[in-house]
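Asks: Sequence first, then the predicted structure, then my questions.
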Amino acid sequence: MSKTPKQALQSIFAQDAEKALPVFETTLKSLANISADSLNLFTIKAHAMKSALANIGETSLSQIALTLEKAGRQCDKNIIAQKTQELIDALKVIIEKSERDAEQNSTGADKEDTAYLAEQLQIISGACAKYDLKTVNMALANLEKMSWTKETGELIDSISEHLLYSDFEKISSLANTRLLSKP
């Protein structure tokens, strides 16, 4: 079975968090002599995590990221020193949970309903042309209820990720490429 929309979102978040962790860890270690560029990068990553955490429903962690974002903008090293490790630890827990969920959900299906897949991808492609978010979400939810090969699961995950950014052109392109490449 493919990931649920929430699992897909958390997986995407975990990838972003993994990229942010080294910035937070480096900032914490070099806080006494931090450069303006490094502090700016820290602030940008804190801002990104603030929004991403809110998107996955982690509002209290989003508030910590907001506090760190403000501290970065104000060069408040005391707040950064007090709150960054808490955010690092929480991000690691979320990443680990996402990895466990991914392992549990990888069924490795070797057969799939290609006619149903094609039907849903056509719906997605048509809805993207009309910027119809609701229809894309419904078709995607239908696909996520089924077992798929790893390749198809990755396609569904990619569509989900691009949907987060309302990238209808890319979603349509992915769907159409798959429709043209598979019988």
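Replies: Here it is on my side, so go on. Numbering: from 1, shown residues only.
Asks: In the protein, which helix is the longest?
Replies: Across the chain, the longest stretch assigned as helix under DSSP state H is helix 77-105.
Asks: which residues are contacting the following helix or strand past that helix?
Replies: Going down the chain from helix 77-105, the next helix or strand is helix 114-129, by DSSP states H and E. Outside helix 114-129, the residues that touch it by Cβ atoms under 8 Å, 6 or more residues apart in numbering are 133, 135-136, 139-140, 142-143, 146, 148, 152, 159, 168-169, 171-172, 175-176, 178-179, 182-183. C-beta coordinates here come from the backbone N, C-alpha and C atoms, glycine included.
Asks: Whichever of those end up buried, select them in ChimeraX.
Replies: Selection command for ChimeraX covering only the buried members of the contacts of helix 114-129, criterion 16 or more other Cβ atoms under 10 Å:
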select :136,139,140,143,146,148,152,159,168,171,172,175,178
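Asks: Tell me who's in contact with D16.
Replies: 48-49, 52.
Asks: Helix 77-105 and the one helix or strand in the chain whose mean pLDDT sits lowest, what's the angle between them?
Replies: Within the chain, no helix or strand scores below helix 150-164, which has a mean of 85 by mean pLDDT, DSSP states H and E. Counting by axes from the mean of the first three to the mean of the last three Cα atoms, to 10 degrees, helix 150-164 lies at 140 degrees to helix 77-105.
Asks: hmm, who's touching helix 150-164?
Replies: With Cβ under 8 Å, 6+ apart as the test, helix 150-164 has contacts from 2-3, 5, 8-9, 11-12, 55, 106, 108, 112, 117, 124, 133, 136-137, 140, 143-144, 148, 170-171, 174-175, 178.
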